[in-house]
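Asks: Need a 3D model of the following:
(chains A and B)
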Amino acid sequence: MTVGLIDPNWVLTDLDPLTWRHIGRYIEPAGYIRASQPGERGLYILHDGTKVCRVVDEHFPAGAGLTANAIGPVHDPAALAHELFAEGHWDRVHVIDKRHLANVARDSQRIENRVLTLDQYYRHVAHLIWGSETGYVCVPAKPPSWNGWTYDQVLGYVDALPERASVALGVFDQSVLYIGLVIELTAKRITRVTTFEALKPSSLTLDVSAASLNAVMQAMTHSCHPPAAALLCTLPEFERWLKADDKAASLNAAMAHGQAIWAVAQPGTATPAAY
Amino acid sequence: MVRLISNGLNVNGVFVPVYSGTVHYWRHERALWPHILDQCKALGFNMIETYMPWGIHETARGQLDFGAHDRRKDLEVFIRLCEEKGLWLLARPGPLINAELTDFGFPEWVLMDPAVQAQTAVGSIHFDAAWGLHPPHQFPVPSYASDAFYDYVAEWFDVICPIIARHLPTTQSPSGGCIVAVQSDNETCYLFHDQPYATDYSPASLALYQKYLIEKYGSLSAVRAQHAQNYADGCVIEPPRDCELHTASDLPRHIDWIAYKEYQIIYAVSRIAHMLCARGIEGVPIFHDVAYQYRTPLDIARMEADPHIDWVGMNLYRNVDDYDGLVKRLRFLSGATRLPFVPELGCGLWSHHPLTPLPNEQAFITTCTLMFGLKAFNLYMLVERERWQGCPVKRDGDYREDFAPYYRRLMAFLHDTRFWEFRREVRVLVLFNYDLGRVQAATSTLNYAHADLLGLPWDLFSADVESDRLGLPEGSLREADEGRGNNWLGRVWTALRSRGIDFDLADTHVTERASDLGRYTHILVQDFANTDATDRARINALQRSDRVVAWGEQAHATISTIAPDAFHAQHEHLDIAVHRTGARTLVFASNFGPAGIQVPVTADGAYRLTPLFDSSDDVTVGPVTFSSAGTGLLTLASYSVQVFEAERLQAGQGGAM
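Replies: Numbering: from 1, shown residues only, chains lettered A, B, ... in the order given. This next block holds a predicted model:
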């Protein structure tokens, strides 16, 4: 088992409200666990192993959609989901065994799970929900990751960091700092989260430039654990990078157009080199 | 002695408005305390609020730190500093405090005691989690039915209460005593898992449930008869663990469990309030803050009627996209409580929330609360701190330049106008049916932890039950669903608004003690065949020669007979409220839409409206004159509230529009 990413007593201070407004949507665990995606019209069938308990049809108006009686007993959830999805009315068909969700609640809320960090806990909940072949079936299946980002990738990245490290992300909407985030890690665990506000990088107006990158890195050196990486980019490139299949290629292209710049510490060196 | 009055507090004979903001002493360097408090005063605040967190002070069982090890924890020095600076203080000693603290401020050894832990319907402990990254560690939720829990709380209160008691205005403190009210627990509601079948099925809770039922019905045999169950003598009465409604005879057992869940909350808040009183917290109001709910399992009218609880408020964290939710809660506080109070009025936001408000959004929301009748508030937080952002004062005491100016202007407006002397002019009280809400709750299902992470449609969380199967009039369950705009409440709301009539809300448990019912000329009541007979009789007794009580569909005919308010308009994004004191009149106008508007407004005569306050910026517009025909034109920026002083013009003074 890994050490877990989130220190239960992590410190979050000097949180610039704009940065926090803009990153808020990324820190909702539900967004990574659920199958249904925003804007989808789904068909939801809740059953108890045989009998259908409830049907919610988001395609047809209330009263005109599928009913429990029309569906009948649920003997093979996967076959039912595929059969209904093939009708072409819904973006996703969900067949959910109520007993499965009860088991998830029971198994996740064991006192032994108190020792898990919060990220490990949510990871465990997600595993319980999606680890069963028949408990929660949906067609199409739940995307395996959020825009190609996986928990294991994040753990792998963190694992490669020094014992004490900080990383920074600066995103600019035109000339305005849209996100200015700094994360400090101690022994591979996030112990402090703050924003560029805490760095107070003199009166320099930041932008996507080598001078700004150096200013941020220097400020991190003074105010945080040794900087391990920093990325400055424009908002369009940031959004493109989040969704890109090839993350590295996306950033490289942005850098080539002066829309991104970053620095990564080489193992054994104190000062990250700018790219 | 501190007395609660309808617009604030009376402290030893002196009126004190409750305009407060939160400062967490233990989260700031002690050397910064004087500067921070001075900055709060300079913004116009004469009252602040703080939690007194159990788990922060008692770091290991029996090991208490009030500044000996960590100077930031010297509570008594902080209180004395408030007294020296002339600041009143609202004290919130818990035991639950949240405050975005890991474990919500509970000591870990309390939470880990199995005798303390709540249990879910599926037999597990109940973890508080699934709230994003806050708190940053899942913890076992305590059962508020557990005597072991109260034994631990008593130990904490034995320590904290003497400190508080030394600083009550009733004591002969050299500095006068600044603590004017004390809160009993915080947002008591099963740690937000307040669906009826989610929790608390712990042995202690089931024992309390049994006691509750025996007291209610007088004997086990009477319970058997009501529940149509053959409970054996000496057995544990098993409550429903999911919606198991098949016939009408199933309903009483479900409703009793739901009523018990309401009872357990009031029992807990009352018991904790009593524990405070028993340790010298006397002569000041004991209050409680409801998180956001005004339906089961929260019964605000009955909580305020409890002899140990003086005052109940409701916390409010809304943004512009939920203007309706904000207005509904303010109407409710105005109609249902003794002193409309928001103990936590969102000022900034906790750090996991997806959307931190912008300064103009915060200004709009805050001004709207006053428009709809708020008389007492505590800004949570006035001063930023760890795990919270977007406040007027940063944690080093400096002002946050985008956020502070509004609060400085607001406080000046409140004090300059003596806003506490004004009262919103409302003639209509709308009562939604509390019993109907219980029936809807009874049909709840899928109350399992983490089901809320799955983005499932809301309808999936209610069982497929037809009203007639339960012996209820057809459509009762649809009527109970507050989310449907076409039920009675939605239609009455629309009718009143379209007719230009402001109104308050309460529920069928409303009492004369909680609400000043004398100000209403019309009381409109949501009807339901299963309405408690005592409640129905009490409401009918409110009918007088000068007051109409109209049930159900009669309400619509009644609305058509009510004259519009003194100022009213027809616009989908404009609301108007009138506040008066003596000869003075304030007119609030809110534009809750995303675009600026210019709207003709009708008044009951000729007026000059002089702008006093604008939520979005300094007042820059001139007076607005209403013609002798009572027409004028208001111009409002998007998401803004303007406040005018209205002066009635004599004949011939009214200008043309």
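
Asks: Would you mind listing what in the stretch 51-200 of chain A touches chain B?
Replies: Applying C-beta under 8 Å from any C-beta of the partner chain, we find that the stretch 51-200 of chain A lies next to chain B at A:53-54, A:56, A:58, A:68, A:94, A:96, A:98, A:101-106, A:108-111, A:113-114, A:116-118, A:121-122, A:125, A:129, A:136, A:193. C-beta here means a position set from N, CA and C on the backbone, and glycine is covered the same way.

Asks: Next step: those restricted to helices.
Replies: A:68, A:98, A:101-106, A:108, A:118, A:121-122, A:125, A:129 (DSSP state H).

Asks: Adding pLDDT and neighbour count, write those residues out as JSON lines.
Replies: Output for those, formatted as JSON lines (pLDDT from 0 to 100; neighbours: other C-beta atoms under 10 Å in any protein chain shown):
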{"residue": "A:Ala68", "pLDDT": "87", "neighbour count": "16"}
{"residue": "A:Lys98", "pLDDT": "97", "neighbour count": "21"}
{"residue": "A:Leu101", "pLDDT": "98", "neighbour count": "24"}
{"residue": "A:Ala102", "pLDDT": "98", "neighbour count": "23"}
{"residue": "A:Asn103", "pLDDT": "98", "neighbour count": "17"}
{"residue": "A:Val104", "pLDDT": "98", "neighbour count": "28"}
{"residue": "A:Ala105", "pLDDT": "97", "neighbour count": "25"}
{"residue": "A:Arg106", "pLDDT": "98", "neighbour count": "18"}
{"residue": "A:Ser108", "pLDDT": "97", "neighbour count": "25"}
{"residue": "A:Leu118", "pLDDT": "94", "neighbour count": "23"}
{"residue": "A:Tyr121", "pLDDT": "95", "neighbour count": "22"}
{"residue": "A:Tyr122", "pLDDT": "94", "neighbour count": "25"}
{"residue": "A:Val125", "pLDDT": "96", "neighbour count": "26"}
{"residue": "A:Ile129", "pLDDT": "98", "neighbour count": "24"}
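
Asks: what's the farthest-apart pair in these?
Replies: A:Ala68 and A:Leu118 (37.3 Å; C-beta to C-beta).

Asks: Please list all residues in contact with the nearest residue to A:Ser223 once chain neighbours are set aside.
Replies: If you skip the residues right next to it in sequence, A:Ser223 has A:Leu199 as its closest partner in space, 5.4 Å away by C-beta to C-beta, 6 or more residues apart in numbering or on different chains. Applying C-beta atoms under 8 Å, 6 or more residues apart in numbering or on different chains, we find A:Leu199 in contact with A:Val182, A:Val216, A:Ala219, A:Met220, A:Ser223, A:Cys224.

Asks: next one: B:His573
Replies: B:Asn591, B:Phe592, B:Gly593, B:Ala595, B:Ile597.

Asks: and what of B:Leu524?
Replies: Listed by C-beta under 8 Å, 6+ apart, the contact set of B:Leu524 reads B:Val428, B:Leu429, B:Val430, B:Leu431, B:Val492, B:Ala550, B:Ala555, B:Thr558, B:Ile559.

Asks: so the second one is in which element?
Replies: Read it as B:Leu429. Per DSSP states H and E, B:Leu429 falls inside strand B:428-432.

Asks: And B:Thr367, how far from B:Gly622?
Replies: Taking C-beta to C-beta, to the nearest Å as the measure, B:Thr367 falls 20 Å from B:Gly622.

Asks: before we move on, the earlier item: may I ask which two of the contacts of B:Leu524 are separated the most?
Replies: Within the contacts of B:Leu524, two members stand farthest from each other by C-beta to C-beta: B:Leu431 and B:Ile559, at 14.2 Å.
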